[in-house]
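# okay, sequence plus prediction incoming.
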Amino acid sequence: MNLSNRVTDACAALTTAAIFFLPFSKSAAEVAGITALCLWTLFGPAGRFRRVPREVFLLYAVFLVATVVSLINVPAPYLADSLRGVLKWIKYLGFFFMSADLFGEPARFRRLVSVFMASLFLVVLNGLYQMWTGADLIKHYTVDIPGRFIRMTSSFSAPNGLAAFLLMGVPLTFVVWYRQKSWSLNSVGLVALLTLFSTALAMTLTRAAILALAVAATINVIRRVPKATWVLAAGFTAFLTSSRFIFDIYVKSLQLSDITVSERLRVWKTTWAMISHHPFIGNGVNTYFKLFPSFMPPEETFRGYAHNCYLQMWSEIGLIGAVAFTAALVWMFTKKLAAPQRDPLDGALWVGLTALALQSAVDTNFYSLQTATLFWVFWGAFCGSANVANAAYSETGNSWSRSRSFAVSR
């Protein structure tokens, strides 16, 4: 085994370890992930970017250029923060390209999924302990109690973070169970695990996550198994009407008088004022939190993220960068949805990642270390496997020309 292969295996192991530790220790996950990224960048195989579709590669190049250009408008006191913001996006793009290279290989991807499911199982057990005692075992976070409701957070600072991880865990676990040839102890265990994850997702009471998962799953089922659409619709309707409590949380509360809705609308109004100030190249990467007070009305007390990743991105790096970022998502999701599905796991990734992207329109997924790292690692695996499944790119006369099919399908 040559040095390049050893480095690749080590990077895959470190990245998988980072995903395992991500819900429990940001520091451990960061150390493992950044170590893997440095090794992969310095000693990885030649042509390590070839598994990413050319269109996505070019869109992220535009996104990164726009991020750097936004520094033009950064006030001098915030320049250091903005430079850290540039490095943050470079890190996440590095995770994306590294994951596309590493987890396009089926065995490594299966290990990543298995380790993620094992980590999420521990997270949910910790969450159940939290619901029973009032605080989790690891971070000693208390249950989230807005008003009369009790919401599971486990080792996350907010229930939305736990819900984002479960958005990936539920469809992946379902497909792993679906691929079982027959009923066995293993398949029964997977059903129990799927039930546990689904229950935990419901216990977060995160409307955006559950509705996003329903929308993503419905779109995928309509495209892949149209005859099963009515079953999915009936199941979702049954869930929403299963109790007065569920109906009030997920349907009746969706009105302007709801505090979470009205607060987001106020924040988005201020964010739009920030966008209008510098619509094309933005106010500067990583300056949203610093500049928000200067645009908000005097009576506003909110401090934090925009709770809409796309609007926040637009306000920071401008229209061109935000469009390039969003276009990469839309292009890849559309391409994969239209293509024949070679492996149900690709469908599970499509559902989970689409749900995360939809939830990001009302939440902070791309700006939270845990959910952002989860997204970029699995997004890279998704894009890498999608390109490999159709045709790998090799260096001939044109370095992006298609030359060979991937011999081993996932």
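Cool, got the structure. A quick note: this is a predicted structure, and the numbers were derived from the prediction, not measured.
# only C-alpha atoms from now on, for both contacts and neighbour counts.
Noted.
# got any ranges where the stretch 251-400 of the chain has weak pLDDT?
The model of the stretch 251-400 of the chain has pLDDT under 70 over residues 252-259, 300-303, 386-400.
# now the helices for it?
With DSSP state H, counting those that start in this stretch as the definition, the stretch 251-400 of the chain shows helices at residue ranges 259-277, 288-295, 309-338, 344-359, 369-390.
# next one: the third one to chain centre, how far?
Its chain's C-alpha centre lies 14 Å from the corresponding centre of helix 309-338 when counted by Cα atoms, centre = their mean, to the nearest Å.
# likewise for the last one?
Distance, stretch centre to chain centre, for helix 369-390: 9 Å (Cα atoms, centre = their mean).
# strands of this structure, start to end?
Using DSSP state E, the strands found in the chain span residues 392-394, 401-404.
# follow-up on the earlier one: P53: which of the helices of the stretch 251-400 of the chain is closest?
helix 369-390 (6.1 Å; Cα to Cα).
# tell me which strands and helices that closest one is in contact with?
If contacts are counted by 3 or more Cα pairs under 8 Å, 6 or more residues apart in numbering; DSSP states H and E, helix 369-390 sits against helix 79-102, helix 159-178, helix 344-359.
# right, and these - which one's nearest Y129?
helix 159-178 (14.5 Å).
# buried residues of that closest one, list them for me.
In terms of neighbour count (16 or more other Cα atoms under 10 Å), helix 159-178 has its buried residues at 159-177.
# ok, stretch 73-80 next?
If you call a residue buried by 16+ other Cα under 10 Å, then stretch 73-80 has these buried ones: 73-74, 78-79.
# from the rest of the structure, what touches it?
71, 82, 282-285, 287, 290 (Cα atoms under 8 Å, 6 or more residues apart in numbering).
# again with stretch 230-246
214, 218, 247, 250-251.
# need the buried ones from the residues you listed selected in ChimeraX.
Selecting only the buried entries of the contacts of stretch 230-246 in ChimeraX, with 16+ other Cα under 10 Å as the criterion:
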select :214,218,250
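# now the contacts of stretch 230-246 as JSON lines including distance to A339?
What follows is those, written out as JSON lines (distance: Cα to Cα, whole Å):
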{"residue": "A214", "distance to A339": "21"}
{"residue": "T218", "distance to A339": "17"}
{"residue": "F247", "distance to A339": "36"}
{"residue": "Y250", "distance to A339": "33"}
{"residue": "V251", "distance to A339": "34"}
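# widest-spaced pair of the contacts of stretch 230-246?
T218 and F247 (19.6 Å).
# pLDDT value on the nearest residue to V351 once chain neighbours are set aside, please?
Leaving aside its sequence neighbours, V351 sits nearest to A216 (Cα to Cα, 6 or more residues apart in numbering; 5.2 Å). The model reports A216 with a pLDDT of 94.
# what's the neighbour count on A216?
20 (other Cα atoms under 10 Å).
# now swap in A233 and tell me
13.
# now do it against G318, distance only.
38 Å (Cα to Cα, to the nearest Å).
# just I210 next, same as before
I210 is 30 Å from G318, by Cα to Cα.
# neighbour count for the two, which is higher?
Neighbours were counted for I210 and for G318 using other Cα under 10 Å; G318 has more, 27 against 23.
# wait, the more buried one sits on N283?
Yes - here G318 reaches N283: they are 7.4 Å apart, a contact under Cα atoms under 8 Å.
# residues in contact with the most centrally placed residue in the chain?
For the chain, F375 is the residue whose C-alpha lies nearest the centre (Cα atoms, centre = their mean; 2.8 Å). F375 makes contact with 353, 356, 366, according to Cα under 8 Å, 6+ apart.
# which among these gets closest to S4?
Nearest member of those to S4, counting by Cα to Cα, is L353, at 30.0 Å.
# what's near enough to touch the closest one?
167-168, 375, 378-379.
# could you measure it against K26, distance?
Counting by Cα to Cα, the gap from L353 to K26 is 21 Å.
# repeat that for G169.
Taking Cα to Cα, one finds G169 at 19 Å from K26.
# same check on K181?
With Cα to Cα as the criterion, K181 and K26 are 38 Å apart.
# between those two, point out the one with more neighbours.
For K181 and K26, the more surrounded residue by other Cα under 10 Å is K26, and the numbers stand at 14 against 8.
# tell me how far the residue nearest to that one when sequence neighbours are not counted lies from L194.
Spatial nearest neighbour of K26, chain neighbours left out: Q370 (7.1 Å); criterion: Cα to Cα, 6+ apart. Distance, Q370 to L194, using Cα to Cα: 22 Å.
# with T133 instead?
24 Å.
# of these two, who's got more company?
L194 (23 against 12).
# quick one: contacts for that one?
170, 173-174.
# swap in V52?
Per Cα under 8 Å, 6+ apart, neighbours of V52: 97, 100, 383-384, 387.
# S385 too?
51, 100, 103-105.
# residues contacting the closest residue to W331 other than its chain neighbours?
Of all residues not flanking W331 in the chain, V56 sits nearest, at 7.8 Å (Cα to Cα, 6+ apart). Applying Cα under 8 Å, 6+ apart, we find V56 in contact with 328, 331-332.
# what does F96 give?
Listed by Cα under 8 Å, 6+ apart, the contact partners of F96 are 376-381.
# adding distance to S154, write those residues out as TSV.
Converted to TSV, the contacts of F96 look like this (distance: Cα to Cα, whole Å):
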residue	distance to S154
W376	22
V377	22
F378	22
W379	24
G380	27
A381	26
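# most neighbours of all these, which one?
A381 (29 neighbours).
# isn't that one right up against F109?
Yes - using Cα under 8 Å, A381 makes contact with F109 at a distance of 7.5 Å.
# ok, which pair from the contacts of V52 is furthest apart?
F97 and N387 (12.4 Å).
# the two: which has the busier surroundings?
Taking other Cα under 10 Å, F97 and N387 do not tie; F97 has more neighbours (26 against 22).
# if I look at the more buried one, how far off is F20?
From F97 over to F20 (counting by Cα to Cα), the distance is 20 Å.
# equivalent analysis for T229, please.
34 Å.
# more neighbours: those two, which one.
Under the neighbour definition other Cα under 10 Å, T229 and F20 were set side by side, and F20 has more, 22 against 18.
# which non-adjacent residue is nearest that one?
Closest to F20 by Cα to Cα, 6+ apart is S119, at 5.2 Å.
# what sits against that neighbour?
20-21, 23.
# thank you, goodbye.
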